[in-house]
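Novice: Got a sequence here, can you build the structure:
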Amino acid sequence: MKLETIATDIAVIGGGLAGVCAAVAAARLGHAVALVQNRPVLGGNASSEVRVWVSGASATGTHRYARETGIMGEMFVENQYRNPDGNPYYWDMVVLETVLAEPNIQLFLNTDVHEVEAEGPEDDRRIVAATGWMMGSERKIRFESPVFVDCTGDGLIGFLAGAGYRIGREAQAEFGESWAPDVADDITLGSTMLFYTKDVGHPVKYVPPSFAKDIAKTTIPERRIIKTGESGCYYWWIEWGGELDTVHENERIRDELWAAIYGIWDYIKNSGRFEADTLTLEWVGSVPGKREYRRFVGDYMLTQHDILRQEPFDDRVAFGGWSIDLHPPKGMYAEASGSKHMYSDGIYHIPYRSLYSANVSNMLMAGRNISASHVAFGTTRVMATCAIMGEAAGTAASLCAGKGVTPRAVYRDHMEELQQTLLRQDAALIGIANRDPLDLARRAEASASSALEAIAVEQPDESIRLTSDVALLFPVDPAIGRLELLADVAAGTVLEVELWDTGREENYIPHRLIVRDAVAVEPGERQWVPVSLPWRPAEPRNAFVIVRSNDAVSLWLSHLPLNGALSFVRGKKPIVDPKLEEKQPSQPIVEWSMRKTVRKPFCFRLADKTSAYGADRAVDGYARPYGGPHMWVSEPMGGREEWLELQWPEAVALSEVELVWNDDVNEYLINLHYIRTPFDIMPELAADYRVEAWVDGHWKVLHRETDNRKRKKTHRFDPVVAGRLRIVVERTNGCPRAELAEVRAYS
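Specialist: Coordinates of the predicted model:
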């Protein structure tokens with residue numbers, strides 16, 4: 001048998017979204033990467049083989065301004081354009097093309113790595129090589145690299161190398177986690193398989209196989225939601241195996257899941273309780289989508305407290321926002337609800353120390369196998385969060401390879417370089433600013449053709465009666481005095497309004513009451529109601545303005561969004577688990593929902609001018625909202641060009657400009673068929689624009705872009721020496737204003 005050897009700077013084992021982003025990040029930084037995947041397609045649980053929706057920090061629209069950027073964000077936005085109907089095979093191609101676009105990546109599909117050579121004592125191991133078998137090609141391949149990234153999900157590479165790991169649930173006493181069991185055990189979250197249905201327009205019979213489960217004899221019909229016309233991840237609750245070894249008993253788990261799926265379909269088709277005559281099964285999964293197995297021990301183990309406190313780690317390299325989402329051990333057969341959820345008040349942070357092994361010196365990990373307790377894992381496990389951890393791990397691996405150091409040494413000696421490198425890639429490190437000493441834009445003075453100075457949403461499109469509290473959020477920079485609301489008033493009443501701050505800059509909930517006003521209003525339609533809310537915060541912040549319920553009043557919503565302005569409707573206080581009600585904090589992020597008012601701000605206007613959208617915001621170090629919009633926004637273009645200019649005290653050499661356009665990270669995107677936006681390209685993105693330099697007394701075009709649909713654009717050109725640079729927006733993809741989140745300039 002022929003044994004091939006592949007030697008690269010970095011070996012990434014596992015081609016799910018974590019592995020893809022790790023490999024792409026390292027390759028873009030100039031390193032040779034082997035990406036090894038044991039399936040015929042990339043994407044892991046997101047692929048057409050398993051078809052799980054890619055969820056992340058947005059948490060299906062629960063968290064604000066939380067969509068991932070960086071490599072995962074690129075794939076989200078590209079899939080929105082190419083694949084608005086959520087075809088699983090088109091999504092496969094988006095992921096595959098992202099990898100194939102990188103010449104530094106050698107891709108090995110259908111290659112199952114099952115041998116690892118490691119050396120050194122138990123507390124200081126080092127991986128030398130990993131060997132795999134390429135199915136269908138009869139190739140045995142040995143992968144040699146100074147740095148390995150385990151993105152296998154199950155943690156096979158680290159396990160074979162002797163890395164410390166855990167399986168199951170820690171006892172409550174170990175970390176003081178209220179959601180942990182009293183006694184540690186080996187229970188994990190189970191695995192899931194899904195199915196798709198299709199209406200063929202004529203009667204279709206269904207004869208169940210002999211192994212189909214009679215679900216009428218189980219608790220499933222009583223405890224789980226079964227509907228015709230829904231398939232895919234609507235049946236996420238088809239889960240089993242949490243009380244078994246989800247790896248070594250994978251085949252048994254698959255057989256049970258098949259029996260359940262065909263039994264559920266028998267129940268839908270033949271029980272007489274559903275209108276399903278013309279429905280047929282279009283697709284049934286054959287690969288169990290695993291949720292949990294090994295979790296490696298790193299230099300830090302993330303816990304429930306870190307999630308709920310939103311611990312602002314100095315070494316943060318990624319963020320999450322999915323709830324702590326834990327399922328009952330018996331899965332679909334449990335009498336309890338299929339899941340319970342606990343959200344933090346905003347996004348939480350993930351430390352770099354959770355992404356490398358404590359005892360295997362040259363191994364990083366990303367995905368569901370990171371260093372986290374079982375409870376914390378309940379949120380970090382979702383795929384978009386795994387993906388951005390992958391980008392962080394791949395970026396760290398590139399520093400290890402380039403400097404000849406270990407992952408731990410990167411934490412000790414090169415942490416700021418890692419974070420700044422991630423920021424330059426448009427990976428989101430919430431609350432960390434660009435401090436790149438090579439970025440010439442940081443030293444320039446920014447100006448613009450115009451900047452939005454009046455915060456106002458004045459076009460009424462839809463009224464909403466105040467049967468419950470509602471709220472609006474907007475930036476305060478530097479101060480607010482009077483707010484006006486557009487209202488219909490059925491009878492004379494008093495309208496109560498409160499202004500709250502949001503606490504942390506990454507949060508979008510009421511935190512502390514600042515001022516309140518009670519306004520007497522007379523009957524009348526579409527009247528502007530003035531409210532006095534004086535506030536001058538010490539630094540720019542968001543205001544969370546609550547309008548208390550009042551049956552006599554309706555407020556107007558607009559269908560013209562304004563960046564930085566959000567609307568909320570207050571719902572019922574969520575109860576996670578009645579048995580744990582005393583132990584669980586409130587969940588205002590769920591209580592104050594924006595799902596019904598996305599891109600529909602309340603009609604309001606502020607009397608005071610704002611600096612929140614000035615030209616300087618494009619060079620203030622932040623490329624996404626954080627206590628304010630952090631971007632330049634022009635006045636409505638009205639057919640005009642709008643420009644942002646950088647000017648230096650003396651001429652500088654320029655050869656590269658990096659632009660981050662606003663793609664509204666508040667817009668929730670997903671890879672498959674769950675939702676569809678009314679647009680295939682984010683309207684806020686600039687479509688046509690020019691990059692120009694002032695050379696020899698005139699503006700010289702360095703680059704012209706047309707039909708842009710991407711957030712991050714890097715433009716390289718022949719070096720020029722100039723004291724002025726400007727970005728001229730000719731046309732957007734539908735937004736009436738030009739909106740630029742960040743500009744960088746390099747020699």
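
Novice: From Met631, how far off is the residue nearest to Glu311 when sequence neighbours are not counted?
Specialist: Closest residue to Glu311 apart from its sequence neighbours, by CB to CB, 6 or more residues apart in numbering: His349 at 6.3 Å. From N, CA and C alone the C-beta is placed, and that goes for glycine too. His349 sits 22 Å away from Met631 when distances are taken as CB to CB, to the nearest Å.

Novice: Same question for Glu144.
Specialist: Using CB to CB, one obtains 45 Å as the distance from Glu144 to Met631.

Novice: Repeat that for Val382.
Specialist: According to CB to CB, Val382 stands 27 Å off from Met631.

Novice: what does Gly30 give?
Specialist: According to CB to CB, Gly30 stands 30 Å off from Met631.

Novice: who has more neighbours, these two?
Specialist: Between Gly30 and Met631, Met631 has the larger neighbour count (other CB atoms under 10 Å), namely 26 against 11.

Novice: Double-check the more buried one against Arg617; I have them as touching.
Specialist: Yes: contact criterion CB atoms under 8 Å: Met631 and Arg617 qualify, at 5.5 Å.

Novice: residues touching Ala387, list them.
Specialist: Leu17, Ala18, Val20, Cys21, Val54, Gly56, Glu68, Ile71, Met72 (CB atoms under 8 Å, 6 or more residues apart in numbering).

Novice: among the residues you listed, which two are most distant?
Specialist: Val20 and Gly56 (14.5 Å; CB to CB).

Novice: So for the two, which residue has more residues nearby?
Specialist: When Val20 is set against Gly56 and neighbours are counted by other CB under 10 Å, the residue ahead is Val20, at 32 against 29.

Novice: Next, that one: secondary structure please.
Specialist: Secondary structure, DSSP: H, G, I helix; E, B strand; the rest coil: Val20 is helix.

Novice: Enumerate every residue touching it.
Specialist: Contacts of Val20 (CB under 8 Å, 6+ apart): Leu35, Leu42, Gly43, Ile71, Val95, Thr98, Val99, Ala387, Gly390.

Novice: Go through these and flag which are in strands.
Specialist: Those of those mapping onto strands are Leu35, per DSSP state E.

Novice: Format the contacts of Val20 as CSV; extra columns: pLDDT and distance to Gly378.
Specialist: Shown next, in CSV, are those (pLDDT from 0 to 100; distance: CB to CB, whole Å):
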residue, pLDDT, distance to Gly378
Leu35, 99, 28
Leu42, 98, 25
Gly43, 98, 22
Ile71, 98, 24
Val95, 98, 25
Thr98, 98, 28
Val99, 98, 29
Ala387, 98, 18
Gly390, 98, 19
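
Novice: can you pick the most crowded of the contacts of Val20?
Specialist: Neighbour counts for these (other CB under 10 Å) peak at Gly390, which has 34 neighbours.

Novice: wait, what's in contact with it?
Specialist: For Gly390, the contacting residues are Leu17, Ala18, Gly19, Val20, Cys21, Ala22, Ala25, Val149, Cys151, Ala366, Gly367, by CB under 8 Å, 6+ apart.

Novice: what is the residue nearest to Glu311 paired to in the beta sheet?
Specialist: Phe319 (DSSP bridges).

Novice: burial of it, as a residue count?
Specialist: 24.

Novice: wait, what's in contact with it?
Specialist: Counting by CB under 8 Å, 6+ apart, His349 has contacts Asp306, Gln310, Glu311, Pro312, Phe313, Arg316, Ala318, Phe319, Ile430.

Novice: Narrow those to those that are buried.
Specialist: For these, a neighbour count by 16 or more other CB atoms under 10 Å gives the buried set as Asp306, Gln310, Glu311, Phe313, Arg316, Ala318, Phe319, Ile430.

Novice: show me where the stretch 101-250 of the chain has helices.
Specialist: 156-161, 172-175, 220-223, 250-270 (DSSP state H, counting those that start in this stretch).

Novice: Quick check: which of those is nearest to Arg716?
Specialist: So among the helices of the stretch 101-250 of the chain, helix 156-161 is nearest, using CB to CB, at 36.6 Å.

Novice: Show the average pLDDT along that closest one.
Specialist: Mean pLDDT, helix 156-161: 98.

Novice: packing partners for that helix?
Specialist: Where contact means 3 or more CB pairs under 8 Å, 6 or more residues apart in numbering; DSSP states H and E, helix 156-161 is packed against strand 111-119, strand 126-134, strand 147-150, strand 363-365.

Novice: And the contacts of it?
Specialist: Here helix 156-161 has contacts from 13-14, 113-116, 118, 125, 127, 130, 148, 150, 165, 294, 296, 357, 360, 363, 365, 369, using CB under 8 Å, 6+ apart.

Novice: Buried subset of those, written for ChimeraX?
Specialist: Applying 16+ other CB under 10 Å to the contacts of helix 156-161, the buried members can be selected in ChimeraX as follows:
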select :13,14,113,116,118,125,127,130,148,150,165,294,296,357,360,363,365,369
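
Novice: what's Val99 in contact with, if anything?
Specialist: Applying CB under 8 Å, 6+ apart to Val99 gives the contacts Val20, Ala23, Val24, Leu35, Leu42, Ile105, Leu107.

Novice: Kindly state the beta-bridge partners for the last one.
Specialist: Read it as Leu107. Leu35.

Novice: Stretch 67-76: how far from the chain's middle?
Specialist: 7 Å (CA atoms, centre = their mean, to the nearest Å).

Novice: Please enumerate residues in contact with that stretch?
Specialist: Contacts for stretch 67-76 (CB under 8 Å, 6+ apart): 17, 20-21, 24-25, 54, 56-58, 94-95, 98, 384-385, 387-388, 391, 422, 425-428, 623-624, 663, 665-671, 710-712.

Novice: From the chain's centroid, how far away is stretch 656-664?
Specialist: Its chain's C-alpha centre and that of stretch 656-664 lie 18 Å apart, by CA atoms, centre = their mean.

Novice: Let me see the mean pLDDT of that stretch.
Specialist: Stretch 656-664 comes out with an average pLDDT of 98.

Novice: Quick one: the helices in the stretch 501-650 of the chain, in order.
Specialist: Using DSSP H, counting those that start in this stretch, helices in the stretch 501-650 of the chain cover 588-591.

Novice: quick one: the strands in it?
Specialist: 512-521, 524-535, 541-547, 550-557, 566-570, 592-593, 604-606, 632-633, 642-661 (DSSP state E, counting those that start in this stretch).

Novice: Tell me which of those strands sits most buried.
Specialist: Ranked by mean neighbour count, the strands of the stretch 501-650 of the chain are led by strand 632-633 with a mean of 30 (mean count of other CB atoms under 10 Å).

Novice: what sits up against that strand?
Specialist: Residues outside strand 632-633 that contact it (CB under 8 Å, 6+ apart): 446, 448, 451-452, 563, 613-618, 644, 737-740.

Novice: Mind picking the one among the residues you listed that's closest to His698?
Specialist: The closest of the contacts of strand 632-633 to His698 turns out to be Leu644 (CB to CB; 18.6 Å).

Novice: now the strands of the stretch 501-650 of the chain in CSV, with distance to Ser178?
Specialist: Shown next, in CSV, are the strands of the stretch 501-650 of the chain (distance: least, CB to CB, whole Å):
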stretch, distance to Ser178
strand 512-521, 25
strand 524-535, 36
strand 541-547, 27
strand 550-557, 37
strand 566-570, 26
strand 592-593, 23
strand 604-606, 40
strand 632-633, 43
strand 642-661, 39
